[in-house]
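Colleague: Any chance you can model this:
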Amino acid sequence: MSEEAQPARPNRRAATLVFALALGARLYYLVDSRAYPAFSIPIVDSFEYDRNARLVASGGELTFQFFWQPFFYPWFLSLVYRAGGSIVAAKVVQAVLGACTALLTMVLGQRVFGRRAGLAAGAIAALYGPSIFYETELLATGWAAFWAVALVLLVIEAQSRASLWPSVPLGLASGLSVLTRPTFLPFVLGAWAWLAWRGLRAKDGWRALGALGVRALLVLSSFALVTLPTAYRTLEATGKLTFLPASGGINVYLGNHPDMARMLTIAVGEEWRQLVDLPVREGVTGVWERQAFFYAKARELAREDPAGFAARLGRKALRLASSREIPRNVDVYTAREWSPFLGALAWKAGGFGFPFGVLLPLAVLGLVFRRRRLPAAIPLFLAMYGGSILAVFVTARYRIPLIPVLAALAGAGLVGLVDLARGRDKRRLAAVCAGALGVALLGTLPGPFAEEGQRFDAGLHAGVAYYHLRQGDKGAALDAYRRALELDPSLAEAHLNVGNLLAEGGRPADAEVHYRAALAQKPHLAAIHSAYGSLLLGTGRAREAVERFRAAIAADPTLAPLHANLGAALGQLGDHAAAVDAYREACRLRPADVRYRYGLGFALEHAGRLDEAIAQYELVARAAPGFQDVAARLERLRTGR
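Modeller: Numbers count the residues shown, from 1 in each chain. Model (predicted):
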């Protein structure tokens with residue numbers, strides 16, 4: 001039998017070559033990119049993963065923040081930290097994982113299309129620049145790519161073997177993949193349903209049905225083995241039994257909003273916080289109730305404007321097929337500045353992006369050339385995982401799990417193209433090349449998209465600054481924020497934080513310059529008005545401070561500190577009646593906060609409403625007897641009546 005007539009057996013020499021090539025490329029990139037500002041500093045999502053992993057490693061109590069993101073990656077990272085590893089150590093481990101993904105990609109190509117296609121697929125995966133970048137970031141992307149190719153292989157094995165052994169690893173990989181990225185869930189369920197349907201079509205009667213039941217039990221129990229412990233921890237911490245994270249609702253809302261372009265370019269910071277707190281402003285405060293709120297909003301948008309919803313899906317499909325890497329928070333093209341090696345493996349010229357601009361046409365050729373012997377697991381994965389991305393939003397790192405499967409197809413396409421070129425059918429060769437060119441143009445001409453217009457170099461330094469700020473290194477934070485503003489003076493969040501640092505450092509005039517610059521860019525952000533108002537209040541400009549605090553409240557009336565600050569400013573102006581109203585609202589929003597109760601008592605005292613002031617001071621004294629001078633104030637008011 002020919003190579004193409006039966007599955008190729010793994011070739012040890014080829015496997016060693018692919019693994020070594022992939023691992024060497026990733027380790028070399030780590031050395032080559034060590035000057036990258038965020039090389040050992042986690043930013044944005046990496047910051048959250050790092051924080052949660054250290055919380056788990058230290059045995060700390062898991063809070064809501066832990067359950068906001070998918071759960072598997074922080075657990076993995078915590079194991080690295082518990083073993084004494086660092087961020088760099090985690091990146092090295094992930095480089096090895098990426099090499100394993102390339103090896104499995106070769107195995108998939110050999111298993112389905114033959115040795116030559118498998119070797120080509122492995123080489124593509126080994127040297128795929130965007131994969132190298134994301135697999136060595138402190139992100140779950142590398143694990144997602146690994147689970148993708150492992151799941152497809154296991155589904156193919158489960159389809160082709162009568163034995164039970166693929167059932168347990170399939171269930172385990174299904175559970176771990178969903179814990180890594182919930183967008184695997186549609187494929188997992190679809191693959192299970194398809195395998196069950198094939199089993200029901202078997203002609204062995206009750207015997208086949210019994211075997212199907214055993215396989216289903218093994219898959220489901222293995223899946224439960226890895227998902228139920230997480231679901232139980234979620235129940236303990238948040239009151240809901242689930243293994244899915246709490247961020248799903250807002251992600252669906254973002255990706256299907258009529259103003260999708262603006263939503264997908266909101267940077268992490270105060271503007272993002274305002275979006276996350278949108279349910280709170282409508283009276284929805286529970287963790288899972290807030291998620292349900294965003295899901296309901298997304299469904300409402302689809303019902304109200306089905307044509308617009310379909311158009312947005314179309315725009316997301318163009319992003320998915322784009323040859324360029326669509327950024328979000330981090331950007332592979334920005335990282336090229338610190339790594340010539342990455343620069344050679346991932347680049348764009350005009351609308352064309354390498355390597356996806358070559359990979360996708362080759363993968364389409366592979367689909368065409370090998371369509372008669374294509375296992376159902378491959379198109380099922382591409383359709384269902386790709387569809388799950390379209391249901392949310394498209395970014396480069398969400399697309400990376402598609403790469404190993406596309407690489408297997410591209411290996412088959414490359415081999416088929418070479419064989420066709422060696423033949424005499426020039427007309428067919430020309431038609432095939434024209435089709436490949438059409439696919440390449442489809443990925444090149446649309447865009448640029450809104451997400452591509454951001455200054456990610458500035459955002460990179462702002463992320464580094466935020467890390468330093470959280471670590472208490474204000475000098476390093478100030479330097480990094482200033483570097484970000486040199487690159488992009490329109491960064492309102494950077495101006496805000498520089499203003500805060502300068503105000504803390506006793507430089508109010510310089511701080512005011514940055515607050516004004518921040519307001520010029522984002523006048524709708526409550527945090528900017530609030531910080532500027534606090535500066536004005538602290539420098540004796542109470543009347544101007546009142547204006548700022550009122551503007552902040554107009555932007556976000558749900559924040560109790562804004563009302564309390566307004567009360568303090570009104571008190572300085574002698575308008576104690578208005579100050580009482582402001583403090584009452586702060587107490588309504590946060591009834592247990594003794595600071596606001598004390599402020600309300602102070603305002604009532606100066607408004608001459610002594611009985612009410614005493615009542616508030618008594619509440620403070622019962623909750624926090626040593627708070628400021630509340631005992632002395634109570635004594636003075638009681639004896640003075």
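Colleague: use CA for all of it now, contacts and neighbours both
Modeller: Will do.
Colleague: for stretch 348-361, which positions count as buried?
Modeller: In terms of neighbour count (16 or more other Cα atoms under 10 Å), stretch 348-361 has its buried residues at Lys348, Gly351, Phe352, Gly353, Phe354, Pro355, Phe356, Gly357, Val358, Leu359, Leu360, Pro361.
Colleague: what two of those residues have the greatest distance between them?
Modeller: For the buried residues of stretch 348-361, with distances taken as Cα to Cα, the pair at the greatest spread is Lys348 and Pro361 (16.3 Å).
Colleague: related to what we said a few turns ago, filter the buried residues of stretch 348-361 down to the ones in helices?
Modeller: Members of the buried residues of stretch 348-361 lying in helices (criterion: DSSP state H): Phe356, Gly357, Val358, Leu359, Leu360, Pro361.
Colleague: Out of those, the closest to Leu189 would be?
Modeller: Leu360 (26.0 Å).
Colleague: Just say helix, strand or coil for Cys433.
Modeller: helix (DSSP: H, G, I helix; E, B strand; the rest coil).
Colleague: Kindly give the local confidence score, pLDDT, for it.
Modeller: Note on Cys433: pLDDT of 89.
Colleague: how near is it to Leu420?
Modeller: 11 Å (Cα to Cα, to the nearest Å).
Colleague: can you check Arg215 too?
Modeller: Distance check for Arg215 against Leu420: by Cα to Cα, it reads 42 Å.
Colleague: neighbour count winner among the two?
Modeller: Using other Cα atoms under 10 Å, the more surrounded residue of Arg215 and Leu420 is Arg215, with 23 against 15.
Colleague: and that one, that's in a strand?
Modeller: No: counting by three-state DSSP, Arg215 is located in no strand; its state is helix.
Colleague: Show me the shaky parts of this structure.
Modeller: 1-10, 161-162, 202-209, 641 (pLDDT under 70).
Colleague: And the strands in it, which stretches?
Modeller: In the chain, the segments counted as strands under DSSP state E are 347-349, 352-354.
Colleague: got the contact list for Val188?
Modeller: Residues near Val188 by Cα atoms under 8 Å, 6 or more residues apart in numbering: Ser174.
Colleague: Around Ala431, count how many other residues there are.
Modeller: 11.
Colleague: For it, give its distance to Asp425.
Modeller: 10 Å.
Colleague: distance of the residue nearest to Ile250 when sequence neighbours are not counted from Arg328?
Modeller: Once flanking residues are discounted, Ile250 sits nearest to Phe294: 5.4 Å by Cα to Cα, 6 or more residues apart in numbering. Distance, Phe294 to Arg328, using Cα to Cα: 20 Å.
Colleague: Also Ala531?
Modeller: Taken as Cα to Cα, the span from Ala531 to Arg328 is 28 Å.
Colleague: swap in Val18?
Modeller: For Val18 relative to Arg328 (Cα to Cα), the value is 30 Å.
Colleague: So which of the two has more stuff around it?
Modeller: Higher neighbour count among Val18 and Arg328: Val18, with 28 against 20, using other Cα under 10 Å.
Colleague: Touching, that one and Leu103? I think so.
Modeller: Yes: if you go by Cα atoms under 8 Å, Val18 and Leu103 touch, sitting 6.1 Å apart.
Colleague: Look up the residues that both of those two are in contact with.
Modeller: The contact sets of Val18 and Leu103 overlap at Gly122 (Cα under 8 Å, 6+ apart).
Colleague: what's near enough to touch Ala117?
Modeller: Per Cα under 8 Å, 6+ apart, neighbours of Ala117: Gly109, Gln110, Ala408, Gly411, Ala412, Gly413, Leu414, Val415.
Colleague: 7 Å - rerun?
Modeller: Shown in contact with Ala117 (Cα atoms under 7 Å, 6 or more residues apart in numbering): Gly109, Gln110, Gly411, Ala412, Val415.
Colleague: Among those residues, give me the pair with the biggest separation.
Modeller: Among these, Gln110 and Val415 lie farthest apart (Cα to Cα), at 12.0 Å.
Colleague: So for the two, which residue has more residues nearby?
Modeller: Ranked by neighbour count (other Cα under 10 Å), Gln110 and Val415 place Gln110 first, with 29 against 22.
Colleague: Okay, the residue nearest to that one when sequence neighbours are not counted and Gln159: tell me how far apart.
Modeller: Leaving out its chain neighbours, the residue that sits closest to Gln110 by Cα to Cα, 6+ apart is Gly118, at 4.1 Å. In this structure, Gly118 and Gln159 are 20 Å apart, going by Cα to Cα.
Colleague: Kindly report the same for Leu97.
Modeller: 26 Å.
Colleague: Next: Phe67.
Modeller: Phe67 is 35 Å from Gln159, by Cα to Cα.
Colleague: tally of neighbours for the spatially closest residue to Glu605 that is not a sequence neighbour?
Modeller: For Glu605, ignoring the flanking residues on the chain, the nearest one in space by Cα to Cα, 6+ apart is Ala613 at 5.3 Å. A count of nearby residues for Ala613, using other Cα under 10 Å, gives 24.
Colleague: Contacts only, for Ala613.
Modeller: Contacts of Ala613 (Cα under 7 Å, 6+ apart): Gly601, Phe602, Leu604, Glu605.
Colleague: and what of Asn256?
Modeller: Ala298, Phe309, Arg312.
Colleague: nearest residue to Ala148 other than its sequence neighbours?
Modeller: For Ala148, the spatially nearest residue (Cα to Cα, 6+ apart) is Pro401, at 5.7 Å.
Colleague: What is the burial count for that neighbour?
Modeller: 24.
Colleague: what about the closest residue to Leu342 other than its chain neighbours, how many neighbours?
Modeller: Closest residue in space to Leu342, ignoring its immediate chain neighbours: Arg336 at 5.6 Å, by Cα to Cα, 6+ apart. Around Arg336 there are 19 other residues, counting by other Cα under 10 Å.
Colleague: again, but for Leu402
Modeller: Neighbours of Leu402 using other Cα under 10 Å come to 18.
Colleague: That one: what's it in contact with?
Modeller: Leu382.
Colleague: try it again with 10 Å
Modeller: Residues counted as contacts of Leu402 (Cα atoms under 10 Å, 6 or more residues apart in numbering) are Ala144, Ala145, Ala148, Val149, Phe381, Leu382, Tyr385, Gly386.
Colleague: go on, Ala410?
Modeller: 109, 117-118, 120-121, 124, 358-367, 403-404, 416.
Colleague: For the residues you listed, which ChimeraX command selects only the ones that are buried?
Modeller: Only the buried members of the contacts of Ala410 enter the following ChimeraX selection, criterion being 16+ other Cα under 10 Å:
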select :109,117,118,120,121,124,358,359,360,361,362,363,364,365,366,367,403,404,416
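Colleague: Give me the subset of the contacts of Ala410 lying in helices.
Modeller: 109, 117-118, 120-121, 124, 358-367, 403-404, 416.
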